[in-house]
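[1] task: produce atomic coordinates for the following.
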Amino acid sequence: MYLKKIKLLREKISNSRDYPFSISSIKNLDELNLTKAVTFFVGENGSGKSTLLEGIADKCDFNVAGGGRSNIYDVHASQSALGDYLRLGWMPKIGNGFFLRAESFYQFASHLDQLKQDDPSYNYDRYGGRSLHEQSHGESFLSLFKNRFEGKALYLLDEPEAALSPARQLAFLRVIHDLATKNETQFIIATHSPILLGYPDADIYSFDEHHIDLIDYEMTDHYQITHYFLQNRERMLWELLKEET
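    Coordinates of the predicted model:
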């Protein structure tokens, strides 16, 4: 465990109606304590989970377009609106880590190719030995996870399941397990995946009820909706798709 606490600096907020404080979960945030090696943020789109994760990445000096401290490149509109209003509590503080932003992963892969173009001696050893653009979307994500991720680091992942099939999500759970159980790696993951959320002994914070609450896996919408659908597929589809009279 490295990052222990996330605190909102309310005294710095001049207008609570401005974004991102117009998001209820962010506006009501006081202090969030992290006690597990793996923490999940869940909630509907727009609930604030990605906004908070991006703010943490900004305070860690990770590239908020995706990457670590050494990945310097620009993506339009890739900036944090929240970072300046957060204080992070560490024990101990570390600088090693990575911010995965699924929506700008293409630009991150292009950044690596530009490094290769600028310096032919640059290699892709930390990314599977070849350009991420030469791999399928799912392969490129797993190449990053298996080769770039290592101990004594903080990994902030925004919807890592975006490119992963169910089988590859299970493979990613093994990557998390192998790193987290060595007590050297911490993960904070924003996800919609009921598979990833099933990781044992993780904390799950829900952003859905206008504030941030610690909840059990079985209480997440992701589990309940998926479980109900699998148990009642025909009935649920009939209700969903029936014509209105």
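[2] can you give me the strands in the protein?
    Under the criterion DSSP state E, the chain contains strands at 3-8, 31-33, 38-42, 86-90, 97-101, 153-158, 185-190, 203-206, 213-215.
[3] of the ones you listed, which is nearest Lys59?
    Among those, strand 86-90 comes nearest to Lys59, with 5.2 Å by Cβ to Cβ. C-beta: built from backbone N, CA, C; applies to glycine.
[4] any chance you could list what contacts that closest one?
    2-9, 55-56, 58-60 (Cβ atoms under 8 Å, 6 or more residues apart in numbering).
[5] what subset of those residues is buried?
    Tyr2, Leu3, Ile6, Leu8, Gly55, Ile56, Asp58, Lys59, Cys60 (16 or more other Cβ atoms under 10 Å).
[6] residues contacting the spatially closest residue to the fifth one that is not a sequence neighbour?
    It refers to Gly55. In space, Gly55 comes closest to Leu82 once its chain neighbours are excluded; the distance is 3.3 Å by Cβ to Cβ, 6 or more residues apart in numbering. Contact analysis of Leu82 by Cβ under 8 Å, 6+ apart lists Pro20, Ile26, Thr51, Leu52, Glu54, Gly55, Asp58.
[7] return the member of those residues nearest to Val38.
    Using Cβ to Cβ, the contacts of Leu82 come closest to Val38 at Leu52, 16.4 Å.
[8] what's the pLDDT at the nearest residue to Thr181 once chain neighbours are set aside?
    Among residues not flanking Thr181 along the chain, Ala37 sits closest, at 7.9 Å (Cβ to Cβ, 6+ apart). Note for Ala37: predicted pLDDT of 96.
[9] how close does Ala37 get to Asp201?
    For Ala37, the distance to Asp201 (Cβ to Cβ, to the nearest Å) stands at 8 Å.
[10] kindly report the same for Gly95.
    Counting by Cβ to Cβ - Gly95 and Asp201 are separated by 27 Å.
[11] ok, Gln169 next?
    Per Cβ to Cβ, Gln169 is found 18 Å from Asp201.
[12] list the residues that contact Leu53.
    Phe41, Phe99, Leu156, Asp158, Ile188, Ala190.
[13] the third one against Phe98, yeah?
    Yes - in this structure, Leu156 is within contact of Phe98 by Cβ atoms under 8 Å, at 7.3 Å.
[14] now the common contact residues for these two.
    Shared contacts of Leu156 and Phe98 (Cβ under 8 Å, 6+ apart): Phe62.
[15] pLDDT of stretch 95-105, averaged?
    89.
[16] can you check stretch 232-245 too?
    88.
[17] picking that back up, let me see the contact set for the residue nearest to Thr181.
    Ala37 neighbours (Cβ under 8 Å, 6+ apart): Met1, Ala180, Thr181, Asn183, Thr185, Gln186, Phe187.
[18] circling back: neighbour count for Gln169 and Asp201, which is higher?
    Set side by side, Gln169 and Asp201 show more neighbours around Gln169, with 18 against 8, by other Cβ atoms under 10 Å.
[19] skipping its backbone neighbours, what lies nearest that one in space?
    Distances taken as Cβ to Cβ, 6+ apart put Ile195 closest to Gln169, at 4.5 Å, once the chain neighbours are dropped.
[20] again, but for Asn183
    Nearest to Asn183 is Ala37, by Cβ to Cβ, 6+ apart, at 7.2 Å.
[21] repeat for Ser24
    Using Cβ to Cβ, 6+ apart, the nearest residue to Ser24 is His210, at 3.8 Å.
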